[in-house]
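Enquirer: Could you look at this predicted model? Sequence included:
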Amino acid sequence: MLKAVILIGGPQKGTRFRPLSFEVPKPLFPVAGVPMLQHHIEACAQVPDMKEIILTGFFQPNDELNRFISSAQQEFKIQIRYLQEFAALGTGGGIYHFRDQILSGGPAAFFLMNADVCSEFPLQEMLRFHRQHGENHCGVLLGTTVLHFVEKPSTFVSDIISCGIYLFTPDIFGHIGNIFQRNQQERIQEELTNGKQMPEVIRLEQDIFTTLAGQKKLFVYKTQHFWSQIKSAGSAIYASRLYLKQYHKTHPERLATNQDGTPKIIGVTIGGGVRVRESIVLHGAVLQDHCCVLNSIVGWDSTVGKWARVEGTPSDPNPNDPYAKIDSETLFRDGGLTPSITILGCNVNIPSEVIIRNSIVLPHKDLNRSFQNQIIL
Ligand code: GTP
């Protein structure tokens with residue numbers, strides 16, 4: 001029997017996703033028409049012998065999460081539970097805290113996934129790879145190739161990065177336990193000598209994997225399939241594009257067609273002569289006649305007036321590089337806002353005939369003129 005755990009983080013995470021993460025927890029933000037997390041759940045539900053999916057995070061239980069869990073349970077016919085950490089315990093600390101729940105029922109192995117990645121999730125390939133490599137390891141890490149430049153490296157620098165998708169045997173908890181004990185002693189020592197309270201965080205990548213790699217207990221399974229992180233709102237547009245392309249193979253019914261009477265637009269109002277490209281338009285938005293929306297996210301219930309232009313700058317990786325991965329752009333560079341996609345928070349009103357370019361507009365704003373390269377508070 002198998003299980004899966006998805007790390008969904010909490011309210012302090014997803015800061016680069018503001019103001020959109022004010023309205024909905026980032027893992028539920030729609031990517032290619034469905035909540036980000038649904039792509040993970042769909043992939044898990046297709047793995048034979050998968051019994052349960054556990055979401056761990058430090059969000060207070062909330063209506064949106066509960067609604068999402070119950071509808072996903074029905075749609076994918078699989079048990080899904082949310083386990084709340086009392087504080088952010090780190091990517092390794094959370095699973096260690098809930099180890100009894102993860103191991104209940106005796107799974108032979110479990111998948112662990114970061115919520116903020118988009119991927120083809122080659123879970124069954126990882127499972128085959130894991131079984132081919134015998135008993136003497138405690139995990140498989142999904143890796144992908146990147147091209148990056150390191151000037152005069154003094155040690156070996158790999159071109160493979162971790163995708164934040166893993167397969168572990170129950171033995172992993174023994175290793176995390178050892179680190180937990182060691183950290184615990186260091187924390188007590190620190191508290192006694194300096195009176196400083198250190199957080200109880202265990203990070204999988206830095207604290208656990210470095211030790212395991214040294215003991216040859218981890219394998220890397222390299223994937224050629226698409227993968228990207230979803231850190232900034234701009235990367236949600238990029239991730240949407242990757243999933244929409246995949247829908248041609250996996251879910252053609254989710255894509256619009258050009259037959260008579262179609263496409264049927266649901267949930268948003270689009271006027272005549274409107275142009276939308278490389279953008280996400282959220283529920284309740286109104287795009288009035290002849291407006292133009294490019295490289296932007298239009299928030300829930302926002303309105304773009306007639307002949308207005310809402311435009312951003314894409315932060316896509318190099319399209320000519322097959323292994324390009326999206327960069328995590330910082331919001332500011334050299335004292336200015338990095339040119340990026342335009343984001344309209346929820347309930348924003350853009351009047352007719354203005355231009356909003358490379359800007360972030362916070363929720364509930366009624367703009368009265370054009371803006372460029374600004375955060376409108
Ligand atoms: P950032 O650039 O700071 O986001 O770091 P990162 O890319 O290394 O990501 P990080 O390791 O912080 O997070 C990876 C995934 O784990 C994300 O989906 C987070 O939401 C989630 N996550 C991070 N910290 C915690 C935690 O303490 N508990 C839980 N349950 N999830 C977490």
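Expert: Received the coordinates, thanks. Numbers count the residues shown, from 1 in each chain.

Enquirer: Any regions of the stretch 51-200 of the chain where pLDDT drops low?
Expert: Regions of the stretch 51-200 of the chain meeting the criterion pLDDT under 70 cover residues 147-157.

Enquirer: Which residues of it lie near the ligand?
Expert: Proximity of the stretch 51-200 of the chain to the ligand is confined to 56-58, 85, 88-91, 94, 114-116, 164 under the rule C-beta under 6 Å from any ligand atom. Where you see a C-beta, it was placed from the backbone N, CA and C, and this is true even at glycine.

Enquirer: Are any of those buried, and if so which?
Expert: Listed as buried from these are 56-58, 85, 88-91, 94, 114-116, 164; burial here means 16 or more other C-beta atoms under 10 Å.

Enquirer: what secondary structure does residue 197 sit in?
Expert: coil (DSSP: H, G, I helix; E, B strand; the rest coil).

Enquirer: how much space between the closest residue to residue 372 other than its chain neighbours and the ligand?
Expert: The shortest distance from residue 372 to any non-neighbouring residue, by C-beta to C-beta, 6 or more residues apart in numbering, is to residue 357 (4.6 Å). Counting by C-beta to the nearest ligand atom, to the nearest Å, the gap from residue 357 to the ligand is 27 Å.

Enquirer: contacting residues for residue 357?
Expert: Residue 357 makes contact with 309, 311, 312, 342, 370, 371, 372, 373, according to C-beta atoms under 8 Å, 6 or more residues apart in numbering.

Enquirer: Can you give me the distance of the third one to residue 231?
Expert: From residue 312 over to residue 231 the distance is 16 Å, taken as C-beta to C-beta, to the nearest Å.

Enquirer: higher neighbour count, those two?
Expert: residue 312 (25 against 19; other C-beta atoms under 10 Å).

Enquirer: got the CA positions of the helix with the most length in the chain in CSV?
Expert: Longest helix in the chain by number of residues (criterion: DSSP state H): helix 172-194. Extracted C-alpha coordinates of helix 172-194, given in CSV (Å, rounded to 0.1, in the frame of the first residue of the first chain):
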residue,chain,number,x,y,z
ILE,A,172,13.4,7.9,6.3
PHE,A,173,11.9,8.7,9.7
GLY,A,174,14.8,6.9,11.5
HIS,A,175,17.2,9.4,9.7
ILE,A,176,15.0,12.4,10.5
GLY,A,177,14.8,11.2,14.1
ASN,A,178,18.6,11.2,14.4
ILE,A,179,18.7,14.8,13.1
PHE,A,180,15.8,15.7,15.4
GLN,A,181,17.8,14.4,18.5
ARG,A,182,20.9,16.2,17.4
ASN,A,183,19.0,19.5,16.8
GLN,A,184,17.2,19.0,20.1
GLN,A,185,20.5,18.8,22.0
GLU,A,186,21.9,21.9,20.2
ARG,A,187,18.7,23.8,21.0
ILE,A,188,18.9,23.0,24.7
GLN,A,189,22.6,23.9,24.8
GLU,A,190,21.9,27.2,23.0
GLU,A,191,19.0,28.0,25.4
LEU,A,192,21.2,27.3,28.4
THR,A,193,24.2,29.3,27.2
ASN,A,194,22.6,32.2,25.4
